[in-house]
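> Fold the following and give me the result.
(chains A and B)
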Amino acid sequence: MLRELYFALYAIKKNIASSAELRTSFLMNVIGMTINNTAFIFLWIFFVQSVGVINGWTGADIVGLQGFSALAYGIVFSVAMGIRKLPDYVASGSFDRFMLSPKNILLRVATSAFSASAVGDVIFGIICLVIYAVLLHAGFLQILLGTLLVLCAAIIFLACTVIVFSTSFYFVDAHNVSNGLFEIFFTPALFHGGAFQGITRFVYTFLIPSLLIGALPVEIMRDTSLAGMFLVLFLTLFWLFVAVIVFNKAVRRYESSNFMTFGN
Amino acid sequence: MKRIRFARKIITTLLRDRTQYRGRLFVDTASLIARCGVLLVLYYYVFQLKGGEVNDTPFILVAWSMLFYFIFMTFRLRDIARSIMQDVQSGIVEILFSKPISYIAYKIWWQIGSGVYSFLVAAIVGSVALMSIVGIPDTMATVLFIPTLLSVLIGGTVLTLLIYIIVGLLAFWIEEVNPVFWIVDKAVMILGGSYLPIALFPDLMYKFALYSPFGASQFITHTVYESWQNNWYVLAGIQYVWILGLAVVMVIMFAYARKKVSVNGG
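The predicted model follows:
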């Protein structure tokens, strides 16, 4: 297991080094994504200004929500962008090279690509969470909870991305299908958390875990809710377990399309 | 005549192709539900909490306005920027330049053909669903509504294509166009009234939405509000001024871009 992780770290390091070689492109992606993300903050803050506080959610909570979501997204896609390329790997037959590798297939696929723009998400997420902690006058326990929640959000995001992109093995037109499913999962994670109540809150917490990426972490950190933290921890382990099972099952459906792309 | 035949050929071929991919249609419908559907449920809840009206606007107007935005999104016209960028980065643009067709016209018809099937299905399914859930507001029952809606739909389509073609053409000069694309895309999203309906915009933002090309490309979202009855011709005028202006910019940019390409054959 340690060897596998060591290899994954090595692959991530190489991906970052290779991407950083194209400095202008790398920097433009990072800065562009950071600016791009601020759009959501403006949107929801205007929303809060227009409709007022909804279920205790203020403008500060929106900053926290965007921080958690962006950081989870950024962490996952800056180290595991390969998952998102799964539909292309399967359709082109270049998935063969992962099958032939003696390393863990999921780790090998995940760390096969890197997204420079995701680094912009990480920077944006960190800035937002620091601002949120300041606005919240966060104590030590809240900061500790926040750090743990970022980790949980990233793991849940990774797990759901693996599940969604595993559909590449089931559909012919997998690129669109998996990207559409990804939107179904991720888009509500960026919405105002206070507006999810009743059945929508249940659906987007337990069936489609979008609220576990941003809205629930914000509420847990704000209210210093240990019960909420344990729920998120439990759901994190559950979704990670499901993701590994779904991926391993989906891989069995793969058939090589005889493209000569070994070693690419 | 030749040009019309060319456009018809591309659109009908792509229409036939798209009807074969049910997965894509499923995805477009699912995306519409995920984004618009969930957003409408949330707004319904918020409007209930606020006693049925926010900024003197009832939920029914906001719902239709947002639906129009998301239906227009399923047309996927913005993908033309990435398509041009890929052509430039992969070198395919060389091959297309050497063909006896207009590159820009080819890209435009291709984009329209790719999205029109999903757009029509989303428009019919979305409208019928919303009609049966919230009904039709009085503003949509006027004689003026359908002709002006069609007018801004056509204008919005042309303006959206122009905006994103210009972004795509930047690939001839800039190594990485994606950051520009994201920023323009978010400007269209915010000023178009996607997640925040235009009725809830603060004054300054509303002015930006009216007078910028990003907001003008989504004037379809204004058609359901009462103010549309009185000022539709002003908005249509703003839209057509932007179309003219950006068309000139696009033609000049394309002329310069062509000079930057050297076709090596092979």
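
> So what touches stretch B:36-55?
Outside stretch B:36-55, the residues within contact range by CB atoms under 8 Å, 6 or more residues apart in numbering or on different chains are A:50-52, A:54, A:187-188, A:191-192, A:195-197, A:200, B:58-59, B:62-63, B:66-67, B:69-70, B:126, B:130, B:195, B:197, B:199-200. All C-beta spots, glycine's among them, are computed from the backbone N, C-alpha and C.

> Among those residues, which lie within strands?
B:P58 (DSSP state E).

> Tell me which residues touch A:N55, please.
Contacts of A:N55 (CB under 8 Å, 6+ apart): A:G194, A:A195, A:Q197.

> Reformat these as JSON lines; add distance to chain B, neighbour count and pLDDT.
Output for the contacts of A:N55, formatted as JSON lines (distance: CB to the nearest CB, whole Å; neighbours: other CB atoms under 10 Å in any protein chain shown; pLDDT from 0 to 100):
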{"residue": "A:G194", "distance to chain B": "9", "neighbour count": "24", "pLDDT": "86"}
{"residue": "A:A195", "distance to chain B": "4", "neighbour count": "23", "pLDDT": "83"}
{"residue": "A:Q197", "distance to chain B": "6", "neighbour count": "15", "pLDDT": "86"}
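
> Go through these and name the one nearest B:G237.
Nearest to B:G237 out of the contacts of A:N55 is A:A195 (CB to CB; 36.6 Å).

> what's the burial count for the nearest residue to that closest one once chain neighbours are set aside?
Spatial nearest neighbour of A:A195, excluding adjacent residues (CB to CB, 6 or more residues apart in numbering or on different chains): B:L42 at 3.9 Å. Around B:L42 there are 22 other residues, counting by other CB atoms under 10 Å in any protein chain shown.

> got a pLDDT number for B:L42?
pLDDT recorded at B:L42 is 84.

> follow-up on the earlier one: now list the buried members of the contacts of stretch B:36-55.
Neighbour counting by 16 or more other CB atoms under 10 Å in any protein chain shown classes A:50-51, A:54, A:187-188, A:191-192, A:195-196, A:200, B:59, B:62-63, B:66-67, B:69-70, B:126, B:130, B:195, B:197, B:199-200 among those as buried.

> so of those, which ones are in helices?
In helices, defined here by DSSP state H, the members of these are A:S50, A:V51, A:T200, B:F59, B:V62, B:A63, B:M66, B:L67, B:Y69, B:F70, B:G126, B:L130.

> where's the closest residue in space to the first one that isn't next to it in sequence relative to B:V62, distance?
Just to be clear, that refers to A:S50. Distances taken as CB to CB, 6+ apart place B:L200 nearest to A:S50, at 4.1 Å, with adjacent residues excluded. For B:L200, the distance to B:V62 equals 8 Å [CB to CB, to the nearest Å].

> residues near residue 182, how many?
The chain I'm using is chain A. Using other CB under 10 Å, A:F182 has 21 neighbouring residues.

> Wait, chain B was what I had in mind.
Counted with other CB under 10 Å, the neighbours of B:W182 add up to 20.

> any idea which element it lies in?
In this structure, B:W182 sits in helix B:178-192 according to DSSP states H and E.

> Name the residues that touch that helix?
When contacts are defined by CB under 8 Å, 6+ apart, helix B:178-192 is touched by residues A:28-29, A:31-33, A:35-36, A:39, A:42-43, A:117, B:69, B:78, B:81-82, B:85, B:160, B:163-164, B:167, B:170, B:174, B:195-196, B:205, B:208-209, B:212, B:214-215, B:217-218, B:221.

> Any idea which residue of the stretch 1-150 of chain A lies closest to chain B?
A:G32 (2.2 Å; CB to the nearest CB).

> my guess is B:R35 is in a helix, correct?
Yes - assessed with DSSP: H, G, I helix; E, B strand; the rest coil, B:R35 lies in a helix.

> OK, contacts around it?
A:E183, A:T187, B:F70, B:M73.

> and the stretch 101-250 of chain B, which residues reach chain A?
Listed as neighbours of chain A in the stretch 101-250 of chain B under the rule CB under 8 Å from any CB of the partner chain: B:174-176, B:178-180, B:182-183, B:185-187, B:189-190, B:195-196, B:200-202, B:205.

> Buried residues in the helix or strand where B:W242 lies, which are they?
Using DSSP H and E, B:W242 sits within helix B:228-260. When burial is assessed from 16+ other CB under 10 Å, helix B:228-260 yields the following buried residues: B:228, B:232, B:235-236, B:238-240, B:242-243, B:246, B:250, B:253-254, B:257.

> Pull the number of nearby residues for the residue in the stretch 51-200 of chain B that chain A sits nearest to.
Closest to chain A within the stretch 51-200 of chain B is B:P179: 2.2 Å, counting by CB to the nearest CB. Residues within reach of B:P179, counting by other CB under 10 Å, total 22.

> shaky segments in chain A?
Within chain A, the segments meeting pLDDT under 70 span A:173, A:257-264.

> any chance you could map the strands in it?
Using DSSP E, strands in chain A do not occur.

> residues contacting A:L231?
A:L231 sits next to A:L216 when contact means CB under 8 Å, 6+ apart.

> tell me, how many neighbours does the closest residue to chain B within the stretch 151-264 of chain A end up with?
Proximity of the stretch 151-264 of chain A to chain B (CB to the nearest CB) peaks at A:G180, 3.0 Å away. Counted with other CB under 10 Å, residues neighbouring A:G180 total 21.

> and if you look at the one 4 residues further on?
For A:I184, the neighbour count with other CB under 10 Å is 19.

> Likewise for A:E255?
So A:E255, with other CB under 10 Å, has 9 neighbours.

> next one: A:N176
19.

> In this structure it contacts B:V27, no?
Yes - counting by CB atoms under 8 Å, A:N176 touches B:V27, with 4.8 Å between them.

> one step back: ok, the residue nearest to A:S50 to B:G193 distance?
In this view, B:L200 and B:G193 are 9 Å apart by CB to CB.

> Repeat that for B:K186.
Going from B:K186 to B:G193 by CB to CB gives 13 Å.

> more crowded one of the two?
B:G193 (25 against 20).

> ok, for that one, nearest residue in space, not its chain neighbours?
Of all residues not flanking B:G193 in the chain, B:T221 sits nearest, at 4.2 Å (CB to CB, 6+ apart).

> need the contact list for the one you found.
B:T221 makes contact with B:S65, B:M66, B:F68, B:Y69, B:G192, B:G193, B:P197, B:I198 under the criterion CB under 8 Å, 6+ apart.

> If we use 10 Å, what do you get?
Shown in contact with B:T221 (CB atoms under 10 Å, 6 or more residues apart in numbering or on different chains): B:62, B:64-70, B:72, B:152, B:156, B:191-194, B:197-199, B:209, B:215.

> for chain B, where's the lowest mean pLDDT among helices and strands?
Ranked by mean pLDDT, DSSP states H and E, the helix or strand of chain B with the weakest confidence is helix B:22-32, at a mean of 71.

> next SSE after it?
helix B:38-49.

> so the residue of the stretch 1-150 of chain A closest to chain B touches A:A118, yeah?
No - with contact defined as CB atoms under 10 Å, A:G32 and A:A118 do not form a contacting pair (11.9 Å).

> Relative to B:M205, how far out is B:I163?
Between B:I163 and B:M205 the distance is 19 Å, computed by CB to CB.

> My error: substitute A:W239 in the last question.
Look at A:W239 and B:M205: by CB to CB, they are 38 Å apart.

> of those two, who's got more company?
More crowded of A:W239 and B:M205, by other CB under 10 Å: A:W239, with 21 against 17.
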